[in-house]
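Q: coordinates only, no sequence provided:
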């Protein structure tokens, strides 16, 4: 079984040898001629199958002809990446080149690609029973619901199993409106809560909006972003790395928090009725670019929402299952207790699954009608998700997220201090954002073409990361939670080299 490597903190240069002509042990990497000062890609003992499928040209022809047109827009790279196989933190393309995956299918692969334990659980269930629905009583759904509930605080013990994060959030919207008898829902600007018709109302990014009436009754309030927002200082965030903005607040007092709370109060006064249904918030914004709020903001916001009759909903689609390191759930880092928690992505390590967890009182109100989901919580999904939780506990992925993530952020902060185009480094655990700017004085977003240049260079040196933020200006590092300190050192070496190259060409 895969074992996580030792994660003792060490200088960057001591963790991995400099690249040599021999190359890594596990097939060939993407590095055709690595720079002399670039660390070697860490080895792995897994050998992928040789690709024998369609040609790249045929794959792209089908992509253009038979796949929906949006799929061409979201092809990340100028030179598309043709993925063939994965194992733990590694991916291989059809040419056999190996990549360190630090985006995990958008923070979805939690314990590792094709993790042996999870794969074994899936294979065993496939031979026993692939599908039936919860009109029957079958063990795997009940075993999993009990296991998931045991990892949530009281009174969050009633579970609805779904197929995705968007479905989970739509279900939570419906629950909140029915329970409260109110309609309006508040979310942050820059938030992302899904792309289905109702969830689009929660999502506050232009790229995901259509010029039709969808997601009615949703209002966006100012995001308490302490780097790009109007207010922020050097002690605001629950993160090992703070902003470089000056802070003159007295001990125990946060002016930025107070000002952002005033903005929320103004939203109540101007944009919604006297009673609302709910307030949605990601503990750390995902697609928004790993944006963090002042430490006590959610605690105070929850109080205001509840005074208005609303439910507090934590979207844990990206922050859940130990990714933030300090806690199993992102909301726990804010010292709050939501009324509803939504989740997906890491819940199934890449298998399509989601969940909504709430209280018995809210669930009983929702039982006025019949809620039925054909595939939600089917035997295969539950067996996989159950194995994912077991693997997290056995391999200490939450602790690994904290240790490796803290190391990455601490080292990235040194790059921020060195390069004028790195404006901010933030996050918790393995939910990390690096915001790129034209220069620190203006904090204007680095233009898309410049982001693309750096992004492509990082890929060509063997690492896959993501992008986010309102302007696509933030690099997102959200890897499988099995990565090691050696992997982190390799990433830091590559990232540093990509910034050096960009600055030299600038």
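A: Sure thing, it's come through. Quick caveat, the model's predicted, so the values are computed rather than measured.
Q: care to break this protein down by domain?
A: The chain breaks down by automatic domain parsing into domains covering 12-103+399-505, 117-395.
Q: I'd like these written out as a markdown table, with distance to residue 110, mean pLDDT and mean neighbour count added.
A: Glycine gets a C-beta too; all of them are placed from N, C-alpha and C. Formatted as a markdown table, these follow (distance: least, CB to CB, whole Å; pLDDT from 0 to 100; neighbours: other CB atoms under 10 Å):
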| stretch | distance to residue 110 | mean pLDDT | mean neighbour count |
| --- | --- | --- | --- |
| domain 12-103+399-505 | 6 | 89 | 18 |
| domain 117-395 | 3 | 96 | 20 |
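Q: for these, give me a markdown table that also has distance to residue 109.
A: Formatted as a markdown table, those follow (distance: least, CB to CB, whole Å):
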| stretch | distance to residue 109 |
| --- | --- |
| domain 12-103+399-505 | 5 |
| domain 117-395 | 5 |
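Q: am I right that residue 357 sits in a strand?
A: Yes: counting by DSSP: H, G, I helix; E, B strand; the rest coil, one finds residue 357 located in a strand.
Q: distance check, it against residue 88.
A: 29 Å (CB to CB, to the nearest Å).
Q: go on, residue 160?
A: The value you get for residue 160 to residue 88, if CB to CB is used, is 31 Å.
Q: got the phi/psi numbers for residue 261?
A: Main-chain dihedrals, residue 261, degrees, to the nearest 10: phi -60, psi -40.
Q: now do residue 268
A: Residue torsions, per degrees, to the nearest 10, at residue 268 are phi -60, psi -40.
Q: surely it touches residue 310?
A: No: look at residue 268 against residue 310 with CB atoms under 8 Å: they stay out of range, at 9.8 Å.
Q: quick one: common contacting residues for those two?
A: residue 276 (CB atoms under 8 Å, 6 or more residues apart in numbering).
Q: make sure residue 246 is indeed in a helix.
A: No: counting by three-state DSSP, residue 246 is not found in a helix; it is coil.
Q: and it, what is it in contact with?
A: Contacts for residue 246 (CB under 8 Å, 6+ apart) come out as 233-234.
Q: quick one: it and residue 236, what's the gap?
A: For residue 246 relative to residue 236 (CB to CB), the value is 12 Å.
Q: mind listing what residue 267 touches?
A: Residue 267 neighbours (CB under 8 Å, 6+ apart): 186, 219, 221-222.
Q: all helices of the stretch 51-200 of the chain, in order?
A: Residue ranges of the helices in the stretch 51-200 of the chain, as given by DSSP state H, counting those that start in this stretch, are 56-65, 70-73, 104-107, 116-128, 139-149, 165-180, 199-202.
Q: contact partners of the fourth one?
A: Right, helix 116-128. Contacts for helix 116-128 (CB under 8 Å, 6+ apart): 1-2, 111, 140, 349, 351, 379-380, 383-384, 386-388, 390-391, 394.
Q: out of the residues you listed, which are inside helices?
A: 140, 379-380, 383-384, 386-388, 390-391, 394 (DSSP state H).
Q: in this structure residue 420 contacts residue 440, no?
A: Yes: using CB under 8 Å, residue 420 is in contact with residue 440, at 5.5 Å.
Q: coming back round to it: minimum distance to residue 84: which of the helices of the stretch 51-200 of the chain has it?
A: Residue 84 sits nearest to helix 56-65 of all the helices of the stretch 51-200 of the chain, at 10.9 Å, using CB to CB.
Q: who are the packing partners of the closest one?
A: helix 70-73 (3 or more CB pairs under 8 Å, 6 or more residues apart in numbering; DSSP states H and E).
Q: in the stretch 251-400 of the chain, which spans are strands?
A: 278-281, 311-315, 340-343, 354-358 (DSSP state E, counting those that start in this stretch).
Q: could you dump those strands to CSV with distance to residue 489?
A: As requested, these are exported to CSV (distance: least, CB to CB, whole Å):
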stretch, distance to residue 489
strand 278-281, 34
strand 311-315, 32
strand 340-343, 31
strand 354-358, 34
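Q: find the centremost residue of this protein, please.
A: What sits nearest the mean C-alpha location of the chain, by CA atoms, centre = their mean, is residue 318, with 3.6 Å.
Q: next, the contact list for that residue, please.
A: Counting by CB under 8 Å, 6+ apart, residue 318 has contacts 106-107, 282, 284, 286, 345-346, 431, 478.
Q: again, only this time at 7 Å
A: Contacts for residue 318 (CB atoms under 7 Å, 6 or more residues apart in numbering) come out as 107, 282, 286, 345, 431.
Q: likewise residue 491?
A: Shown in contact with residue 491 (CB under 7 Å, 6+ apart): 100, 102, 408, 463.
Q: tell me which element it is part of?
A: helix 485-505 (DSSP states H and E).
Q: off-centre distance for that helix?
A: 22 Å (CA atoms, centre = their mean, to the nearest Å).
Q: over to stretch 303-315?
A: Computed by CA atoms, centre = their mean, the chain-centroid distance of stretch 303-315 equals 23 Å.
Q: ditto for stretch 455-474
A: Distance, centroid of stretch 455-474 to centroid of chain: 14 Å (CA atoms, centre = their mean).
Q: and it, end to end?
A: Start-to-end span of stretch 455-474 (CA to CA, to the nearest Å) is 11 Å.
Q: what's next to that stretch, contact-wise?
A: For stretch 455-474, the external contacting residues (CB under 7 Å, 6+ apart) are 29-31, 38, 41, 77-78, 81, 91, 98-103, 106, 190, 205, 287-290, 433-436, 445-446, 448, 451, 475-478, 491, 494-495, 497-498, 501.
Q: perfect, I'm done here.
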